[in-house]
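Engineer: what's the 3D shape of this:
(chains A and B)
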There are 2 protein chains.
Amino acid sequence: MAVYTDITEIDLKNFLAEYDVGELTSYKGIAEGVENSNFLLHTTKDPLILTLYEKRVEKSDLPFFLGLMQHLADRGLNCPLPLPRRDGALLGELSTRPAALISFLEGMWLRKPEAKHCREVGKALAAMHLAGEGFEIKRPNALSLEGWKVLWEKSADRADEVEKGLQDEISSELAYLAAHWPKDLPDGVIHADLFQDNVFFLGDELSGLIDFYFACNDLLAYDVSICLNAWCFEQDGAYNVTKGMALLEGYRSVRPLSDAELAALPVLSRGSALRFFLTRLYDWLTTPAGALVVKKDPLEYLKKLRFHRGIASVAEYGLSA
Amino acid sequence: MAVYTDITEIDLKNFLAEYDVGELTSYKGIAEGVENSNFLLHTTKDPLILTLYEKRVEKSDLPFFLGLMQHLADRGLNCPLPLPRRDGALLGELSTRPAALISFLEGMWLRKPEAKHCREVGKALAAMHLAGEGFEIKRPNALSLEGWKVLWEKSADRADEVEKGLQDEISSELAYLAAHWPKDLPDGVIHADLFQDNVFFLGDELSGLIDFYFACNDLLAYDVSICLNAWCFEQDGAYNVTKGMALLEGYRSVRPLSDAELAALPVLSRGSALRFFLTRLYDWLTTPAGALVVKKDPLEYLKKLRFHRGIASVAEYGLSA
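Structural biologist: All right, here's what the predicted structure looks like:
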């Protein structure tokens, strides 16, 4: 939930005058996204999303994010499409923030997804990986091996406050991943944050992907491992092999995974579990006690990390031969 | 801003099955209202507001609030209309909260209203007072003289933390108001919270009033004094007589104010300034320092209170003869 910046109707009217979008009839701050302020606009034409980019987003990354959405939408992926201003620019300014106007995607994110939805997510992720080909701007993944080290250095000293022995365990894990991280797998543009709230459905049909603000260039199979972590575990922490099978089969029906990619899934999944563990741990240790932000439990991802560490064969993820 | 309760798409679908509202295509938590959780729903028919009533709202008051909106809308006031379920009830349950589905009102609230808007607010307030006639359910104003005393007792000890001498000043004020509060003025249903964010405009035209969750039975002129306080002061604390004149003229063009009502405006305005001062003071003193809630400055209303105390003749509000 995030509306950090309010906007006046006068500033908004001036901002919208640069676009061809009909008359504004309503705007509401919505509880969506955690990095930016988002408003749902009604106009005499189509509903729209207005995003104000807050300080946590690097302004220099915006051409990558907005260009990527345009690139993917042009190639038929259902994702929000940034609208160009009359002067062609995708980015304007509103209330001293960089701001973009983006098409509104109907659909709802699933609080309780089932295996059939995981299959659709797999398919859409693969479709996104294919649609991302040819996108010219590059953005390295700031939250990979190097970034994890930096994050860990900020939290390591206090990690044992969360669970005894954590400092040693995570230090060893980082060393293991640094030594075993795959290098020669297919790479491309990845979503890097394809959690439930970023996938919309209408009924059982996937209607679109949103929130490309962690997207970057990295190993495509790493994105698959993020989805395994985000979609295929139950609330009690158990891996759901039916969901895993559905997600992987859905993905492979659109883009085959090579033997090398499949073999790397456990180490990639350890990495992506560690990535979310580390950001959550950092937030956990630094968010003040009284704050009204929901602190996500880092231990959820520690459990997932340990699960992947115990994987002997990738068949355990639900891979059929 | 308030979304306290999240809802699953499955619960929402079951809830909506009791209504005749088309197929749901999207729902977003919106940053509107401070007492309840609000969602903006898109359907294959009209957009809707879904309100989940949180603990601060007394469940026994809901028939008053929902019935009032229906009563006012039936009499032609532009305000949200609660939709009946198939069984005729205006209230259902969702995520263990009482919940209502309410028509969506297009329009925007004004962050920077001008005198011409104050005139429209005056007219709409008077129209609401007339439309409220004949509404059968009664709800006494919990935030009048008696309620202020209770609130004050919770804050008096610490009031001097906010400003030296405040404890004496407010105690005297309460005694003055108890002794001079008018008793024989026309009463009826009042909105009691008609601040900027509860009045929608399309262009310069007022498109509707929302948020009736403080509505109650009280003196109609007291509601006028709330609007004087909410709409006719500038950010620097100065009373804007042009706005005051516009608001009062707008009101009187729809419902005349008697001489007794006009003469009572200063004392009523002291009361309504004190009412908002006291709730803000209480929140100021009890909200934890780290919390992400915007604490509204109680001193803003202390200044307004002092302004009204200095009023020698109601002509100072901008009243023409």
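Engineer: Alpha carbons of stretch A:161-168, as CSV, please.
Structural biologist: What follows is stretch A:161-168 as a C-alpha-only set of coordinates in CSV (Å, rounded to 0.1, in the frame of the first residue of the first chain):
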residue,chain,number,x,y,z
GLU,A,161,18.6,-11.6,16.8
VAL,A,162,16.2,-13.2,14.3
GLU,A,163,17.5,-16.7,14.7
LYS,A,164,20.5,-18.1,16.5
GLY,A,165,23.2,-19.3,14.1
LEU,A,166,21.8,-17.3,11.2
GLN,A,167,25.0,-15.3,10.8
ASP,A,168,27.1,-18.4,10.1
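Engineer: Stretch A:39-46 - what's its average pLDDT?
Structural biologist: For stretch A:39-46, mean pLDDT is 94.
Engineer: Scan chain A for its longest helix.
Structural biologist: As assigned by DSSP state H, the longest helix anywhere in chain A is helix A:259-286.
Engineer: Do any residues in it lie close to chain B?
Structural biologist: No: with Cβ under 8 Å from any Cβ of the partner chain as the criterion, chain B is not reached by helix A:259-286; the gap is at least 12.1 Å. (Glycine included, C-beta is placed from N, CA and C.)
Engineer: what comes up buried for that helix?
Structural biologist: Within helix A:259-286, the residues that count as buried by 16 or more other Cβ atoms under 10 Å in any protein chain shown are A:261-282, A:284-285.
Engineer: can you list contacts of the helix or strand just after that helix?
Structural biologist: For helix A:259-286, the following helix or strand on the C-terminal side (DSSP states H and E) is helix A:298-309. Contacts of helix A:298-309 with the rest of the structure, by Cβ atoms under 8 Å, 6 or more residues apart in numbering or on different chains, involve A:162-163, A:166, A:173, A:229, A:233, A:237, A:239, A:266, A:269-270, A:273-274, A:276-278, A:280-281, A:284.
Engineer: Quick one: name the residues of the stretch 101-250 of chain A near chain B.
Structural biologist: For the stretch 101-250 of chain A, the residues in contact with chain B (Cβ under 8 Å from any Cβ) are A:104, A:106, A:107, A:108, A:109, A:110, A:111, A:112, A:200, A:201, A:202.
Engineer: CSV please, covering those and showing secondary structure.
Structural biologist: Output for those, formatted as CSV (DSSP: H, G, I helix; E, B strand; the rest coil):
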residue, secondary structure
A:104, coil
A:106, coil
A:107, coil
A:108, strand
A:109, coil
A:110, coil
A:111, coil
A:112, coil
A:200, strand
A:201, strand
A:202, strand
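Engineer: Just the buried subset of those residues, please.
Structural biologist: In those, the ones that pass as buried (16+ other Cβ under 10 Å) are A:104, A:107, A:108, A:109, A:110, A:200, A:201, A:202.
Engineer: My read is that the fifth one contacts residue A:117, right?
Structural biologist: Yes: using Cβ atoms under 8 Å, residue A:110 is in contact with residue A:117, at 5.8 Å.
Engineer: residues shared between the contacts of those two?
Structural biologist: residue A:201.
Engineer: quick one: contacts for the closest residue to residue A:311 other than its chain neighbours?
Structural biologist: Of all residues not flanking residue A:311 in the chain, residue A:266 sits nearest, at 4.3 Å (Cβ to Cβ, 6 or more residues apart in numbering or on different chains). Contacts of residue A:266 were listed using Cβ under 8 Å, 6+ apart, and they are A:308, A:309, A:311, A:314.
Engineer: and the gap between the second one and chain B?
Structural biologist: When distance is defined by Cβ to the nearest Cβ, to the nearest Å, residue A:309 is 32 Å away from chain B.
Engineer: Count the residues that sit near that residue.
Structural biologist: Number of residues near residue A:309 (other Cβ atoms under 10 Å in any protein chain shown) recorded here: 15.
Engineer: so how far is residue B:267 from it?
Structural biologist: 73 Å (Cβ to Cβ, to the nearest Å).
Engineer: Check the first one too.
Structural biologist: When Cβ to Cβ is the yardstick, residue A:308 and residue B:267 sit 71 Å from each other.
Engineer: Can you give the domain ranges for chain A?
Structural biologist: Annotated domains of chain A cover A:9-103, A:115-317 [automatic domain parsing].
Engineer: Those domains: which one's closest to residue B:244?
Structural biologist: domain A:9-103 (22.4 Å; Cβ to Cβ).
Engineer: OK, contacts around the residue nearest the centre of chain A?
Structural biologist: In chain A, the centroid-proximal residue (Cα atoms, centre = their mean) is residue A:193; its distance is 1.6 Å. If you count contacts by Cβ under 8 Å, 6+ apart, residue A:193 has them with A:211, A:213, A:214, A:215, A:226.
Engineer: secondary structure class for the last one?
Structural biologist: Think residue A:226. helix.
Engineer: Thought residue A:192 was touching it, still the case?
Structural biologist: Yes: the pair residue A:226 / residue A:192 is scored as a contact, 6.5 Å apart, by Cβ under 8 Å.
Engineer: Have a look at these two and say which one is more surrounded.
Structural biologist: Between residue A:226 and residue A:192, counted using other Cβ under 10 Å, residue A:226 has the larger neighbour count: 25 against 22.
Engineer: and the gap between that one and residue A:271?
Structural biologist: Distance from residue A:226 to residue A:271, by Cβ to Cβ: 9 Å.
Engineer: Any idea how many residues pack against residue A:165?
Structural biologist: Using other Cβ under 10 Å, residue A:165 has 9 neighbouring residues.
Engineer: got it, and residue A:77?
Structural biologist: Based on other Cβ under 10 Å, the number of other residues close to residue A:77 is 18.
Engineer: what sits against the closest residue to it other than its chain neighbours?
Structural biologist: Nearest non-adjacent residue to residue A:77, counting by Cβ to Cβ, 6+ apart: residue A:131, 4.6 Å away. For residue A:131, the contact set (Cβ under 8 Å, 6+ apart) comprises A:71, A:72, A:75, A:76, A:77.
Engineer: can you check residue A:140 too?
Structural biologist: A:216, A:217, A:218.
Engineer: What distance do you get for it to chain B?
Structural biologist: Taken as Cβ to the nearest Cβ, the span from residue A:140 to chain B is 32 Å.
Engineer: measure that residue to residue A:189 for me?
Structural biologist: Using Cβ to Cβ, residue A:140 is found at 12 Å from residue A:189.
Engineer: What of residue A:16?
Structural biologist: Taking Cβ to Cβ, one finds residue A:16 at 30 Å from residue A:189.
Engineer: what do you get for residue A:309?
Structural biologist: From residue A:309 to residue A:189 the distance is 29 Å (Cβ to Cβ).
Engineer: now do residue A:178
Structural biologist: 24 Å.
Engineer: can you check residue A:198 too?
Structural biologist: 15 Å.
Engineer: higher neighbour count, the two?
Structural biologist: Neighbours per residue (other Cβ under 10 Å) separate residue A:198 from residue A:189, with residue A:189 holding more: 26 against 21.
Engineer: List of residues touching the helix or strand harbouring that one?
Structural biologist: For residue A:189, the host element (DSSP H and E) is strand A:187-190. Applying Cβ under 8 Å, 6+ apart, the external contacts of strand A:187-190 come out as A:68, A:128-129, A:132-133, A:135, A:141, A:215-220, A:222-223, A:226.
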